[in-house]
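Visitor: Here is my input; please provide its structure:
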Amino acid sequence: MTFFASTPCMRQPCDESIIQAGTFAAPCARSSESWVLAATILGSSMAFIDSTVVNVALPALQSSLHASVVGVQWVVESYGLFLSALILVGGAAGDSFGRRLIFVLGAGVFGAASIGCGMASNVTQLVVARCAQGIGAAALVPSSLAIISASFDEKRRGQAIGTWSGFTAITTAVGPVLGGWLIERASWHWVFFINVPLAAAVIAISLRHIPESRRSEGRSEIDWLGALVATVGLAGLVYGFIESAARGWRQPVVIASFIVGMACFIIFVFVEKRVSEPMLPLQLFRVSSFTGANLLTLVLYAALGFFFFVFPLNLIQIQGYSPTRTGAAVLPMILLMFFLSRWSGGLVRRFGARTPLIIGPLTVAAGFLMFAVPATGGSYWTTFFPAFVVLGLGTAITVAPLTTVVMSSVGPNHAGTASGVNNAVARVAGVLAIAILGGVMVQAFGYKLNESLRSRDLSADAFHEIQSNLIRLGALEPPSGLDAGTRETLQSDITQAFLFSFRLIMFVCAGLSVLSAGIALGMIPVNLPQPAEDVGAAVGGGSG
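Guide: Coordinates of the predicted model:
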């Protein structure tokens, strides 16, 4: 399919009622379909790529900005926090104010924030710009699929979504490789600058070729209060977990952040029960299969989210891989998921819903255990490649059946809401995992390194310098002024301490994967669930 057909006539807004009637695919509209796909693929790909390519840049960020692991955690978490907290609001805003409007605003904010990221001279500036990127992505991601749904009739919609999914998967796979190449050939700044021309293209195509669409019944109430409370609550918990690694659990600011976070989530439940159109319809969770699928998502994606945060640190800082090789190392997993997506989609029909959701996470657990085996050195093809193949196979087995259960639990009329909730849960899982397991890894690293340092003849100043920089993990360097032999010995101690903590985390990730299989065994039915009859009223509004 060509994406750049000439469509000069698609500039007028369209009425959603026409789209819903299935008559929107007029000749002029059909000639714009390739432009719609081009804009939505580019827009969503920016957000997806940025959530993965930055992980490859983390070691360069640590070195260039002299950041600790806590600092680079915030670089990742600030983006994920706002994206996960606001993605449901972004979809609702598009339905209410216009999907093209929100999509274009999201692309503009994302592009401007990318300039801010690329020009950042310290971690604080980068984190602030990443927060803005997350806000832009929260508008881009849900609006892209909503625009596709509004622009294609029922017969062509599935093919359009499949095209969108396939191309975003390809761009997501290429992103880390391109990012690694840019880091090597230029600098980490270009990882962000590359978004600017993409955002400009998205805006230009959207304004010229995508018609405006919104809900036919008019504007709906946006749950701004729920979004605010959820953002503050998630930020409080994330801040507490991340800063506890550097400050300690007993610091007043850490304790206060936990109190604020928990209080906000309690308030959030009451808010969502009382607003007329909640961003998170709590009544959906009355359906046991929907609850089970989202709980499985929370646990499994927590493991996957932290793995993709810490694995580039291992490859670049410990194994000596270049950023380009690190980005390419993940390709077998992504390509395997891409090519097996159609096959995995048929597993539910052949074996029921529960079986693949047990086998898939158990296979993922095996992949994590395989990552715990390699030390340093050795060929990629005999160390990490087999583990990525197993991890990719397990993920491929899981994703399509999991999505099918989520969508089937509430019926077709509310599939969009259910998908949005599940998407948000997956992103929250990654945000919380990086915050929590990052602290666990720092503690394990410090424990193992201190164990080795007891047998080393170090001065008090050298010992104190090492202790004060433990949160740098693999980027920790032996103190200056030591003789070459001592520095080499300490570097070996740092490497072994990192591998110890990395292996511990792989065991934790494997345990989370096994737990998700147990959730499937206990909460997912063998066959596709029948949608609950009372979910329609639940999604329509709060309980008062």
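
Visitor: so after the one helix or strand Arg349 maps to, what's the next helix or strand?
Guide: Here Arg349 sits within helix 347-351, counting by DSSP states H and E. Per DSSP H and E, the first helix or strand lying C-terminal to helix 347-351 is helix 354-371.

Visitor: next one: that following helix to chain centre, how far?
Guide: A distance of 20 Å separates the centroid of the chain from that of helix 354-371, by C-alpha atoms, centre = their mean, to the nearest Å.

Visitor: Same question for it: list its buried residues.
Guide: 354-371 (16 or more other C-beta atoms under 10 Å). Where you see a C-beta, it was placed from the backbone N, CA and C, and this is true even at glycine.

Visitor: do the same with stretch 230-247
Guide: 230-246.

Visitor: now do stretch 35-43
Guide: Using 16+ other C-beta under 10 Å as the test for burial, stretch 35-43 gives 35-43.

Visitor: Just those residues: which are in helices?
Guide: Judged by DSSP state H, those include 35-43 as members of helices.

Visitor: Met333: which of those residues is nearest?
Guide: In terms of C-beta to C-beta, no member of these lies closer to Met333 than Ile41, at 21.3 Å.

Visitor: Just confirm the closest one contacts Ile170, I think it does.
Guide: No - assessed by C-beta atoms under 8 Å, Ile41 is found out of contact with Ile170, at 9.4 Å.

Visitor: For the helix holding Arg349, what is the distance to the chain centroid?
Guide: That offset, for helix 347-351, works out to 27 Å (C-alpha atoms, centre = their mean).

Visitor: what sits up against that helix?
Guide: Helix 347-351 is contacted by residues 355-356, 397, 400-401, 404-405, 528 when judged by C-beta atoms under 8 Å, 6 or more residues apart in numbering.

Visitor: Could you export these as CSV, including secondary structure, pLDDT and distance to Val271?
Guide: Below are those laid out as CSV (DSSP: H, G, I helix; E, B strand; the rest coil; pLDDT from 0 to 100; distance: C-beta to C-beta, whole Å):
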residue, secondary structure, pLDDT, distance to Val271
Thr355, helix, 92, 38
Pro356, helix, 92, 36
Ile397, helix, 91, 37
Ala400, helix, 81, 34
Pro401, helix, 86, 33
Thr404, helix, 80, 31
Val405, helix, 85, 28
Leu528, coil, 66, 32
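
Visitor: so which two of these are the farthest from each other?
Guide: Greatest spatial distance among the contacts of helix 347-351 (C-beta to C-beta): Ile397 and Leu528, at 16.7 Å.

Visitor: between those two, who's got more neighbours?
Guide: Ile397 (25 against 17; other C-beta atoms under 10 Å).

Visitor: My read is that that one contacts Thr355, right?
Guide: No - under the criterion of C-beta under 8 Å, Ile397 makes no contact with Thr355, lying 9.6 Å away.

Visitor: Run a quick neighbour tally on Leu521.
Guide: Using other C-beta under 10 Å, Leu521 has 13 other residues around it.

Visitor: For it, which non-adjacent residue is spatially closest?
Guide: In this structure, Leu521 finds its nearest non-sequential neighbour in Ile358, 5.7 Å apart by C-beta to C-beta, 6 or more residues apart in numbering.

Visitor: what does the model give that neighbour for pLDDT?
Guide: Predicted confidence (pLDDT) for Ile358: 95.

Visitor: And Gly474, by the same measure?
Guide: In this model, Gly474 is scored at 78, pLDDT.

Visitor: what residue lies at the spatial centre of the protein?
Guide: Arg427 (4.9 Å; C-alpha atoms, centre = their mean).

Visitor: where does the stretch 1-150 of the chain have low pLDDT?
Guide: The model of the stretch 1-150 of the chain has pLDDT under 70 over residues 1-31.

Visitor: please redo it, this time with the cut-off set to 50
Guide: By pLDDT under 50, the low-scoring segments of the stretch 1-150 of the chain are 1-28.

Visitor: now the stretch 251-400 of the chain
Guide: Along the stretch 251-400 of the chain, no part satisfies pLDDT under 50.

Visitor: can you pull out the helices in it?
Guide: 252-274, 288-313, 323-329, 331-339, 341-345, 347-351, 354-371, 380-383, 385-410 (DSSP state H, counting those that start in this stretch).

Visitor: Quick one, which of the ones you listed gets closest to Val76.
Guide: helix 288-313 (6.0 Å).

Visitor: any idea how this protein splits into domains?
Guide: Annotated domains of the chain cover 27-218, 224-274, 287-531 [automatic domain parsing].

Visitor: and the end-to-end length of stretch 185-203?
Guide: This stretch, stretch 185-203, spans 29 Å end to end (C-alpha to C-alpha, to the nearest Å).

Visitor: could you give the mean pLDDT of that stretch?
Guide: For stretch 185-203, the mean pLDDT works out to 90.

Visitor: related to what we said a few turns ago, let's have the buried residues of stretch 35-43 in a markdown table, adding distance to Ala129.
Guide: Output for those, formatted as a markdown table (distance: C-beta to C-beta, whole Å):
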| residue | distance to Ala129 |
| --- | --- |
| Trp35 | 30 |
| Val36 | 29 |
| Leu37 | 29 |
| Ala38 | 27 |
| Ala39 | 24 |
| Thr40 | 24 |
| Ile41 | 24 |
| Leu42 | 21 |
| Gly43 | 19 |
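
Visitor: where does the stretch 401-544 of the chain have low pLDDT?
Guide: 536-544.

Visitor: Swap in 70 and give it another go.
Guide: Using pLDDT under 70, the stretch 401-544 of the chain drops low at 411-416, 528-544.

Visitor: Contact partners for Trp319?
Guide: Residue 319: Gln, not Trp. Gln319 makes contact with 376-377 under the criterion C-beta under 8 Å, 6+ apart.

Visitor: For it, give me the backbone phi and psi.
Guide: Main-chain dihedrals, Gln319, degrees, to the nearest 10: phi -80, psi -10.

Visitor: Tell me which of the helices of the stretch 251-400 of the chain sits nearest to Phe48.
Guide: Comparing the helices of the stretch 251-400 of the chain by C-beta to C-beta, helix 331-339 comes nearest, at 11.0 Å.

Visitor: If you count neighbours, what's buried in the closest one?
Guide: By 16+ other C-beta under 10 Å, the buried positions in helix 331-339 come out as 331-334, 336-338.

Visitor: Check which helices and strands it sits against.
Guide: helix 154-185, helix 385-410 (3 or more C-beta pairs under 8 Å, 6 or more residues apart in numbering; DSSP states H and E).

Visitor: before we move on, back to that, nearest to Thr324, of the buried residues of stretch 35-43?
Guide: The shortest approach to Thr324 among these belongs to Leu42, at 23.1 Å (C-beta to C-beta).

Visitor: Skipping adjacent residues, who's closest to that closest one in space?
Guide: Per C-beta to C-beta, 6+ apart, closest to Leu42 is Val202, 5.0 Å.

Visitor: element containing that neighbour, please.
Guide: Counting by DSSP H and E, the secondary-structure element that holds Val202 is helix 195-209.

Visitor: follow-up on the earlier one: what's the distance between the residue nearest to the centre of the chain and Trp164?
Guide: 19 Å (C-beta to C-beta, to the nearest Å).

Visitor: circling back to that earlier point, quick one: closest of the helices of the stretch 251-400 of the chain to Ser213.
Guide: Across the helices of the stretch 251-400 of the chain, the minimum distance to Ser213, taken as C-beta to C-beta, is reached by helix 385-410, at 22.0 Å.

Visitor: Now that closest one: buried residues?
Guide: Within helix 385-410, judged by 16+ other C-beta under 10 Å, the buried ones are 386-388, 390-410.

Visitor: Give me the helices and strands touching the following helix or strand past it, please.
Guide: Downstream of helix 385-410, the next assigned helix or strand under DSSP H and E is helix 415-453. Helix 415-453 is packed against helix 69-97, helix 123-151, helix 224-247, helix 288-313, helix 385-410, helix 460-467, helix 484-523, with contacts defined by 3+ C-beta pairs under 8 Å, 6+ apart.

Visitor: Turn those helices into TSV, columns for distance to Arg350.
Guide: Compiled in TSV, those are given as follows (distance: least, C-beta to C-beta, whole Å):
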stretch	distance to Arg350
helix 69-97	32
helix 123-151	27
helix 224-247	38
helix 288-313	19
helix 385-410	11
helix 460-467	56
helix 484-523	17
